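Q: Sequence plus predicted model, see below.
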Amino acid sequence: MEITYMIIIGIVTYIFGAITKLFVSKVPNKYIPMQNVLIGVFSALICYFCKIETSLLQAFVLCLSATMSAGGVADLVKTIKNKEN
């Protein structure tokens, strides 16, 4: 189950990233958490309606926590790289 969530989140993230690159030249960093929430919501809906998860609330909690923690890890890596330079 968990690997299926990550695959769905990865695909949705890739699609959102491609759309952002095509239609928006530069997204300010303050909107990235909002984009992560949208990715989590869409991923949760996909997981629920594809019957991967039977509980809508659990699908939302799992997908939102995964996307927000991934965003936090990405920010942490970026911060560490900036401090090294």
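A: In hand now; what should we look at?
Q: Stretch 8-23: which residues count as buried?
A: Buried residues in stretch 8-23, counted by 16 or more other Cβ atoms under 10 Å: 8-9, 12-13. Yep, even glycine has a C-beta here, placed from its N, CA and C like the rest.
Q: Give me the mean pLDDT for it.
A: Mean pLDDT, computed over stretch 8-23, is 83.
Q: Other residues contacting it?
A: By Cβ atoms under 8 Å, 6 or more residues apart in numbering, the list of residues contacting stretch 8-23 from outside reads 27, 35, 38-40, 42-43, 46-47, 52, 63, 66-67, 70.
Q: For Pro33, grab the count of nearby residues.
A: When counting by other Cβ atoms under 10 Å, one arrives at 14 neighbours for Pro33.
Q: quick one: the residue lying closest to it once chain neighbours are set aside and Val37, what's the gap?
A: Nearest residue to Pro33 in three dimensions, chain neighbours excluded: Gly71, at 6.3 Å (Cβ to Cβ, 6 or more residues apart in numbering). If you measure Gly71 against Val37 using Cβ to Cβ, to the nearest Å, the figure is 9 Å.
Q: who's more crowded, these two?
A: Ranked by neighbour count (other Cβ under 10 Å), Gly71 and Val37 place Gly71 first, with 18 against 15.
Q: host element of that one?
A: Element membership of Gly71, judged by DSSP states H and E, is helix 56-84.
Q: What about Leu38, how many residues nearby?
A: 13.
Q: Next, give phi and psi for Lys26.
A: Lys26 adopts backbone torsions of phi -140, psi 120, taken as degrees, to the nearest 10.
Q: Quick one: mean pLDDT for stretch 78-85?
A: For stretch 78-85, the mean pLDDT works out to 76.
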